[in-house]
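*Asks:* 3D, please:
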Amino acid sequence: MSSVPFHYVDLRTFCYATEDERRVEGALRTFLPEDVELERETTEGHHGDRILVLSVRLERADEMRHVFGKLAELASFDRLIAELNDRIDEDCAFFVQLDKQAAYNGEVELGRGIMLRGKVEAYPAKKERAVEAATEALEAIQAGEFA
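*Replies:* Residues are numbered from 1 along each chain as shown. All right, here's what the predicted structure looks like:
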């Protein structure tokens, strides 16, 4: 079993007043192991509308493997690997936007609505090293050596 070169993975989505909370939670849970508890925070939009923020931080290796296993279902997984230099910032954070509507239907697609942010383990903690570590991890996922 390959090690997980991430300190943690955060997933977050917003549930707007026009959306069904159960459906939005279901979309987010597409990427999560069953026993994970979500954090809920209510905030207010620009026009005073209610926005529920659903989020979770995963720090256990098996939970992160589950998330990355779901990412491996992306039809554009090769594109994700090719874009790592653009998806990792100077603080070694990895970002992916996932399609919330597709996730509600149990599908995994790049898009909008669900933010995945992972802190890449890189020693030294430099972007170049983080890109290398993330590339190795995603290629291991693609080869089926990560789960």
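*Asks:* what helices and strands are in contact with the longest helix seen in the chain?
*Replies:* Secondary structure of the chain read by DSSP state H shows that its longest helix is helix 127-142. Applying 3 or more CB pairs under 8 Å, 6 or more residues apart in numbering; DSSP states H and E, we find helix 127-142 packed against helix 61-71, helix 77-82, helix 84-87, strand 113-120. C-beta here means a position set from N, CA and C on the backbone, and glycine is covered the same way.
*Asks:* tabulate the ones you listed in JSON lines, adding columns for mean neighbour count and mean pLDDT.
*Replies:* Below are the helices and strands packed on helix 127-142 laid out as JSON lines (neighbours: other CB atoms under 10 Å; pLDDT from 0 to 100):
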{"stretch": "helix 61-71", "mean neighbour count": "18", "mean pLDDT": "93"}
{"stretch": "helix 77-82", "mean neighbour count": "14", "mean pLDDT": "94"}
{"stretch": "helix 84-87", "mean neighbour count": "14", "mean pLDDT": "97"}
{"stretch": "strand 113-120", "mean neighbour count": "20", "mean pLDDT": "98"}
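*Asks:* turn the ones you listed into a markdown table, columns for distance to residue 94.
*Replies:* Below are those laid out as a markdown table (distance: least, CB to CB, whole Å):
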| stretch | distance to residue 94 |
| --- | --- |
| helix 61-71 | 10 |
| helix 77-82 | 10 |
| helix 84-87 | 6 |
| strand 113-120 | 4 |
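*Asks:* rewinding a little: what comes up buried for the longest helix of the chain?
*Replies:* Within helix 127-142, the residues scored as buried using 16 or more other CB atoms under 10 Å are 127, 129-135, 137-138, 140-142.
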